[in-house]
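Asker: next comes the sequence, and after it the predicted model I'd like to discuss.
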Amino acid sequence: MPPRNAFYAQSGGVTSVINASACGVIETARQHPDQIGHVYAGRNGIIGALREDMIDTGQESAEAIAALRYTPAGAFGSCRYKLKGLEENRLEYERLIEVFAAHDIGYFFYNGGGDSQDTALKVSQLGERMGYPITCVGIPKTVDNDLPVTDCCPGFGTTAKYVAVSTLEAGLDVRSMAESSTKVFVLEVMGRHAGWIAAAAGLAADHSGDPPHVILLPEVAFDRPAFLERVRDSVDRFGYCVIVVSEGLRDANGGFIADGGSQDAFGHTQLGGVGPVIAQMCKDELGLKYHCAVADYLQRAARHIGSKTDVDQAYAVGRAAVEMAIEGRNAIMPTIVRKADDPYQWEIGAAPLSDVANIERKLPAEYITEDGLGITDAARRYLRPLIQGEDYPPYRDGLPTYITLKNVSVPRLLGTPFDI
């Protein structure tokens, strides 16, 4: 029998290294032509499968696919689209199986966070119920670093490096101007429920008094008086204060400090910008001149400062996903297993999707200082290896050279459209 085809899709917020995982998937699949035929990619994630709008990666040269390793964002398009439960909307899952059957897809690789791993799990379950043989493997990705089981999540290391470097550089800037200008600098970073990214800013501090002077985490209820006292003390002692705050900072009742009042496609609260709220508080309560910045997409797109550890791990989980699939391992996700801290050593492991889907890993208590406003040495030991090494993309005329694929469409075989 001829080899069956594979479907690969990117999901959720993209990262600077998700394409490195795509590179690992496609290059490894091409090394196994007897087991895997075509590799199709979903245009704009799982939406591409539902709409039967797929991309033939076989139309891309080996050089183009290799260039994905150095290119940020989602080369095939991603989406924020959460499939409902099997019993809530079975039609969506049946549509996926219909499209997969029409194109003889026997392998499903879904590259994303907890919601994506849940989708891959449900597709494997439905395939079994419907008697359609399909091997489903999740591929970890999230800058939030909040997937369980795996030591870290591809995408986080480079984001952590960007935030730590930005904190270091901005801190030097503020310190040099603090005598007659800005006293407080606030950097808002991603992290809805888990403070891993904000915690990484703590790597910028080598000595006591180095910025960041305050780290505000979602895991710690915001204590306004304690916070203001710390800011006042930092300005008195050092002449300035650098604050890094997670977007998901909460009050003592569990409510977001900055709630935008709406929800995204996954049902998550849209956050309204906690950085300006914190900065204005420093002005109103302490009379301090401030400057505020929001890292936003810059922190997850910063491939120019990529962590080599992060890039290597992103590629490795993509490669491992294919190897696991052709071994017949279903409803599984490759993981990163830490073997040692210094020097950092890691290997690829595996976890059932049922142990990963829809489970958030938060910053553990032992990584947070007793006052709740900083990180411990244990956190530094965990974080430091993940930002190690440089893996610069090629440059031309002073700018990184990134690939844009042709993304040739796979001809549709089904005549029935599907509305989402």
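Answerer: Okay, I see it.
Asker: OK, contacts around the residue of the chain most remote from its centre?
Answerer: The C-alpha centroid of the chain is most remote from residue 180, which lies 39.0 Å away (Cα atoms, centre = their mean). Applying Cβ atoms under 8 Å, 6 or more residues apart in numbering to residue 180 gives no contacts. C-betas here are computed from N, CA, C, even on glycine.
Asker: flag every buried residue along the lengthiest helix in the chain.
Answerer: Ranked by residue count under DSSP state H, the longest helix found in the chain is helix 156-177. Under the neighbour-count criterion of 16 or more other Cβ atoms under 10 Å, helix 156-177 has 156-168, 170-171, 174-175, 177 buried.
Asker: again with stretch 393-405
Answerer: So, applying 16+ other Cβ under 10 Å, buried residues of stretch 393-405: 393, 402, 403, 405.
Asker: now those in TSV, with pLDDT?
Answerer: What follows is the buried residues of stretch 393-405, written out as TSV (pLDDT from 0 to 100):
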residue	pLDDT
393	97
402	98
403	97
405	98
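Asker: looking at these, which is nearest residue 348?
Answerer: Using Cβ to Cβ, residue 393 is the member of those that lies nearest residue 348, at 24.3 Å.
Asker: mind telling me what element the closest one is part of?
Answerer: Here residue 393, judged by DSSP states H and E, is contained in no helix and no strand.
Asker: contacting residues for the residue lying closest to it once chain neighbours are set aside?
Answerer: Of all residues not flanking residue 393 in the chain, residue 70 sits nearest, at 3.8 Å (Cβ to Cβ, 6 or more residues apart in numbering). Applying Cβ under 8 Å, 6+ apart to residue 70 gives the contacts 303, 391, 393, 394, 400, 401, 402, 403.
Asker: farthest-apart pair in the residues you listed, please.
Answerer: Farthest-apart pair in the contacts of residue 70 is 391 and 403; separation 15.5 Å (Cβ to Cβ).
Asker: I figured residue 388 hits residue 309, correct?
Answerer: Yes - counting by Cβ atoms under 8 Å, residue 388 touches residue 309, with 5.2 Å between them.
Asker: shared neighbours, those two?
Answerer: Residues touching both residue 388 and residue 309 (Cβ under 8 Å, 6+ apart): residue 344.
Asker: count of neighbours near the spatially closest residue to residue 359 that is not a sequence neighbour?
Answerer: Nearest non-adjacent residue to residue 359, counting by Cβ to Cβ, 6+ apart: residue 148, 4.7 Å away. Neighbour count of residue 148, defined by other Cβ atoms under 10 Å: 15.
Asker: model confidence score at residue 148, please.
Answerer: Residue 148 carries a pLDDT value of 97.
Asker: was I right about it contacting residue 361?
Answerer: Yes - Residue 148 is within contact range of residue 361, at 4.6 Å (criterion: Cβ under 8 Å).
Asker: hang on, the earlier thing: and residue 388 and residue 309? Which one has more around it.
Answerer: Comparing residue 388 with residue 309 by other Cβ under 10 Å, the one with more neighbours is residue 309, at 22 against 14.
Asker: that one contacts residue 390, correct?
Answerer: No - in this structure, residue 309 is not within contact of residue 390 by Cβ under 8 Å, at 10.3 Å.
Asker: the stretch 1-150 of the chain: strands as residue ranges?
Answerer: Listed in chain order, the strands of the stretch 1-150 of the chain (DSSP state E, counting those that start in this stretch) span 4-10, 36-42, 54-56, 105-112, 135-140.
Asker: nearest to residue 338, of those strands?
Answerer: With Cβ to Cβ as the measure, strand 135-140 is the member of those nearest residue 338 (14.1 Å).
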